[in-house]
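Colleague: turn this into a structure:
(chains A and B)
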There are 2 protein chains.
Amino acid sequence: MKLIHCVTSVALIGTMALAGGLAESAKGFGIKAIPESSSELLKYIDKGEDPITEAKIELGKMLYFDPRLSRSNLISCNTCHNLAMGGADAIPAAIGHKWTMNPAHLNSPTVYNSVLSEVQFWDGRSPHLEDQAQGPIQAGPEMAAPKELVVERINSIPQYVELFKTAYGPNVKIDFERIASVIGVFERTLVTPSRFDDYLNGHPDALTKAEKDGLKLFLDKGCAACHNGMALGGTMQPFQVAKQYKFANLGGFTGDANGMVKTPTLRNVTETAPYFHNGAIWKLTDAVKEMGSTQLGITINDKEAASIATFLGALEGRKPQIIYPILPPMADKTPKPTFD
Amino acid sequence: MKLIHCVTSVALIGTMALAGGLAESAKGFGIKAIPESSSELLKYIDKGEDPITEAKIELGKMLYFDPRLSRSNLISCNTCHNLAMGGADAIPAAIGHKWTMNPAHLNSPTVYNSVLSEVQFWDGRSPHLEDQAQGPIQAGPEMAAPKELVVERINSIPQYVELFKTAYGPNVKIDFERIASVIGVFERTLVTPSRFDDYLNGHPDALTKAEKDGLKLFLDKGCAACHNGMALGGTMQPFQVAKQYKFANLGGFTGDANGMVKTPTLRNVTETAPYFHNGAIWKLTDAVKEMGSTQLGITINDKEAASIATFLGALEGRKPQIIYPILPPMADKTPKPTFD
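Modeller: You can find the predicted model right below:
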């Protein structure tokens, strides 16, 4: 079903790109701009059971950067989803506790704009960030911290307890789900509007001629069949539609039960090499050509790939300014790190 | 010689604490305040061959946070000297490339106020931060990056090249020493004035009664024999003067050729557990008691240790606000990370 839907979209796209203005064409393919107005944006990111507040953002940020959420005191959320590096880690497959590489050789997706994805993780098994954040903290090859350890650490640090009370009220129960949830609240704010959004929001000069040419090619070739919505990605799509992925054997990941894989967002893609679920391709133009072959069954030549990559550069977003937090010290009773 | 000097100082201290005001006593033992005026402070930190400028601070900060200075792309200066965590890493002995623990089980010293130390590294083998920064980047168990790799990585990233030109002029040669030096410039700015400095600078109410009592005890017991100067530490001193350190066997470190060890700064000490060169003691009052026994040959009881620790809390400094940097992306030609 999904496979047919995707292929149908590709056929439609060719037609639509020819009609009307380029920005309208992009919208016609389901691409959405990040709204200019922050109240409008809030409608998209302030969802779920944990409403965004300033106190939660600040606390979530501290926890996001705190390596004491890991068994070893060495690995934070930011280690693999580094806000300085496009929200990712610049290595093919995540490396965590005890220098263990992700067993399926999975690449760390960017945290920026992850709130705009419909699902989380490469196999889409998590519905939202508040849920997603629970995974890597506990996973043996990542932060390797049992829930109980994390809860005991945080509850042992008086300043953290106070900040949870400020954020959630005096009767807050600081359990593992609450800790992950407030991290998710912070992550939901990591949205990066780009010049492409400015363009879609009615500023035709926000893109250069070369970027507009690249956008047109991006649409004409059918890339927006999967890379659409506000994330330009973030939905589950069939993978290897036309042909086997060149590095399919690396890591053995085959997607969810139906062979579907979460389409990565293209926002900030110029900052998040290497590419694909197993991080096997470092060069953006190679990645573009590979997707043409694997997903669309077409050849994208070097010149076309370069043009599309030029457009993708316009998706480099304006990052929220992050004041690096000062974390509260451990108390004498705070559980100590272990390294094995 | 040095040993005798240290013991003599201890004897002097007892006498001086009795005479004059408490702040004057502290100064009499060689303790210096961080100056209130930033131009005055600059005299202490703007030393050496690489003068401080805004452009260098910003570039040095980026490099300080950039894990691509390591072989694996995973470890930055900030990994072990985390500015969120008192400038240290909250583990006993540094862990770096391939999850390797420091072979001598050496604890990562705080980077905050390290400019105020006379020498760098536990064995004092480095004269200043610009030199020190070269060590961990190359060390196998730390960032494990050969000089050539670091130079090639940085020179391959156009935005870094531009920033070096802005900081050092259009003809700058971006060699390994230049890279380490600008990191050192940033580190020199990481000075944290505290309430104790306010007190010494003529604000008698900056300390509580309990903190003043702790300070008096700190002076009376002789702690300032080694913990003096603006760093309250930072000079080479004999170790195990009166007795063997309780955990002397852990790691086998015996100091420099003369058995001298760099006295750690006491600034922000409440934020930098675990303590000592091998990170064997987690509880600050235990550390205070151990130093009484090991260095001064006296018994510091629980109540006295608690009082001294209360004073040490007044050395928690005001940290410079750090905007987390956005790092420039790699180019296609940037050397890739390796993990073995």
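
Colleague: where in chain A is pLDDT low?
Modeller: A:1-20 (pLDDT under 70).

Colleague: show me where the stretch 151-300 of chain A has its strands.
Modeller: A:236-238, A:260-262 (DSSP state E, counting those that start in this stretch).

Colleague: list the contacts of the last one.
Modeller: Counting by C-beta atoms under 8 Å, 6 or more residues apart in numbering or on different chains, the neighbours of strand A:260-262 from elsewhere in the structure are A:2, A:109, A:117, A:119-124, A:233-239, A:253, A:255, A:277. Backbone N, C-alpha and C define where each C-beta goes, glycine included.

Colleague: find the nearest non-adjacent residue to residue A:329, please.
Modeller: Of all residues not flanking residue A:329 in the chain, residue B:271 sits nearest, at 4.4 Å (C-beta to C-beta, 6 or more residues apart in numbering or on different chains).

Colleague: correct me if wrong: that neighbour contacts residue B:86.
Modeller: Yes - using C-beta atoms under 8 Å, residue B:271 is in contact with residue B:86, at 3.0 Å.

Colleague: overlap in contacts of these two?
Modeller: Contacts common to residue B:271 and residue B:86, judged by C-beta under 8 Å, 6+ apart, are residue A:329.

Colleague: got the contact list for residue A:60?
Modeller: Each residue near residue A:60 by C-beta under 8 Å, 6+ apart is listed here: A:182, A:183, A:184, A:185, A:186, A:187.

Colleague: recalculate using a threshold of 6 Å.
Modeller: A:182, A:183, A:185, A:186 (C-beta atoms under 6 Å, 6 or more residues apart in numbering or on different chains).

Colleague: name the nearest residue to residue A:291, sequence neighbours excluded.
Modeller: Closest to residue A:291 by C-beta to C-beta, 6+ apart is residue A:223, at 7.1 Å.

Colleague: run a quick neighbour tally on that neighbour.
Modeller: Using other C-beta atoms under 10 Å in any protein chain shown, the number of residues around residue A:223 comes to 26.

Colleague: now do residue A:146
Modeller: Neighbour number of residue A:146 under other C-beta under 10 Å is 12.

Colleague: next one: residue A:36
Modeller: Neighbour number of residue A:36 under other C-beta under 10 Å is 14.

Colleague: that one - nearest residue in space that isn't next to it in sequence?
Modeller: residue A:201 (5.0 Å).

Colleague: neighbours of the one you found, how many?
Modeller: Quick note: residue A:201 (other C-beta under 10 Å) scores 15 neighbours.

Colleague: from the stretch 101-250 of chain A, which residue is nearest to chain B?
Modeller: Closest to chain B within the stretch 101-250 of chain A is residue A:101: 7.4 Å, counting by C-beta to the nearest C-beta.

Colleague: quick one: contacts for that residue?
Modeller: Per C-beta under 6 Å, 6+ apart, neighbours of residue A:101: A:93, A:95.

Colleague: repeat that with 8 Å
Modeller: A:93, A:94, A:95, A:141, B:339.

Colleague: I'd like those written out as CSV, with neighbour count, distance to residue A:266 and secondary structure added.
Modeller: Shown next, in CSV, are those (neighbours: other C-beta atoms under 10 Å in any protein chain shown; distance: C-beta to C-beta, whole Å; DSSP: H, G, I helix; E, B strand; the rest coil):
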residue, neighbour count, distance to residue A:266, secondary structure
A:93, 22, 21, coil
A:94, 25, 21, coil
A:95, 25, 25, strand
A:141, 19, 27, coil
B:339, 16, 27, coil
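
Colleague: what residues are bridge-paired with the residue of the stretch 101-250 of chain A closest to chain B?
Modeller: When bridges are called by DSSP bridges, residue A:101 pairs up with residue A:95.

Colleague: would you mind listing what in chain A touches chain B?
Modeller: A:65-68, A:72-74, A:79, A:82-86, A:89-91, A:95, A:98-99, A:101, A:270-271, A:273, A:282-283, A:319, A:321-327, A:329-330, A:332, A:336-337, A:339 (C-beta under 8 Å from any C-beta of the partner chain).

Colleague: sitting in helices, which of the residues you listed do you find?
Modeller: Among the residues of chain A next to chain B, the residues falling in helices (DSSP state H) are A:65, A:79.

Colleague: the residues of chain A next to chain B, buried ones only, as a PyMOL selection?
Modeller: A single PyMOL command is used to select the members of the residues of chain A next to chain B judged buried by 16 or more other C-beta atoms under 10 Å in any protein chain shown:
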select buried, chain A and resi 65+66+67+68+72+73+74+79+82+83+84+85+86+89+90+91+95+99+101+270+271+273+282+283+319+322+324+325+326+327+329+330+337+339
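
Colleague: next, count neighbours for residue A:268.
Modeller: 23.

Colleague: so what's it up against?
Modeller: Applying C-beta under 8 Å, 6+ apart, we find residue A:268 in contact with A:86, A:87, A:110, A:112, A:113, A:192, A:315, A:316, A:317.

Colleague: can I assume the fifth one is in contact with residue A:266?
Modeller: In this case it means residue A:113. No - between residue A:113 and residue A:266 no contact is recorded; they are 9.6 Å apart, counting by C-beta under 8 Å.

Colleague: and the helices in chain A, which stretches?
Modeller: A:2-18, A:22-28, A:38-45, A:54-65, A:77-80, A:129-132, A:134-138, A:147-156, A:158-168, A:176-188, A:195-200, A:209-221, A:284-291, A:302-313.

Colleague: rewinding a little: make JSON lines out of the contacts of residue A:60 and add neighbour count.
Modeller: Converted to JSON lines, those look like this (neighbours: other C-beta atoms under 10 Å in any protein chain shown):
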{"residue": "A:182", "neighbour count": "29"}
{"residue": "A:183", "neighbour count": "26"}
{"residue": "A:185", "neighbour count": "26"}
{"residue": "A:186", "neighbour count": "25"}
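
Colleague: quick one, what contacts the closest residue to residue A:275 other than its chain neighbours?
Modeller: Of all residues not flanking residue A:275 in the chain, residue A:287 sits nearest, at 4.2 Å (C-beta to C-beta, 6+ apart). Contact analysis of residue A:287 by C-beta under 8 Å, 6+ apart lists A:275, A:276, A:281.

Colleague: tell me how far residue A:287 lies from residue A:207.
Modeller: For residue A:287, the distance to residue A:207 equals 21 Å [C-beta to C-beta, to the nearest Å].

Colleague: re the thing from before, which of the strands of the stretch 151-300 of chain A sits most buried?
Modeller: With neighbours taken as mean count of other C-beta atoms under 10 Å in any protein chain shown, these reach their highest mean count in strand A:260-262, at a mean of 22.

Colleague: if we can go back for a sec, right, so of the helices of chain A, which gets closest to residue A:245?
Modeller: helix A:284-291 (7.1 Å; C-beta to C-beta).

Colleague: please save the CA atoms from the closest one in CSV.
Modeller: Extracted in CSV, the C-alpha atoms of helix A:284-291 (Å, rounded to 0.1, in the frame of the first residue of the first chain):
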residue,chain,number,x,y,z
LEU,A,284,26.2,14.9,0.1
THR,A,285,26.2,14.7,-3.7
ASP,A,286,26.9,11.0,-3.4
ALA,A,287,23.9,10.6,-1.1
VAL,A,288,21.7,12.5,-3.5
LYS,A,289,22.7,10.2,-6.4
GLU,A,290,22.3,7.1,-4.3
MET,A,291,18.8,8.1,-3.4
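
Colleague: next, the buried residues of it.
Modeller: A:284, A:285, A:286, A:287, A:288, A:289, A:290, A:291.

Colleague: same question, stretch A:310-321
Modeller: A:310, A:311, A:312, A:313, A:314, A:315, A:316, A:317, A:319.

Colleague: which residue does the stretch 1-150 of chain A bring closest to chain B?
Modeller: Counting by C-beta to the nearest C-beta, the stretch 1-150 of chain A gets nearest chain B through residue A:99, at 3.9 Å.

Colleague: what sits against that residue?
Modeller: Contacts of residue A:99 by C-beta under 8 Å, 6+ apart are B:98, B:99, B:339.
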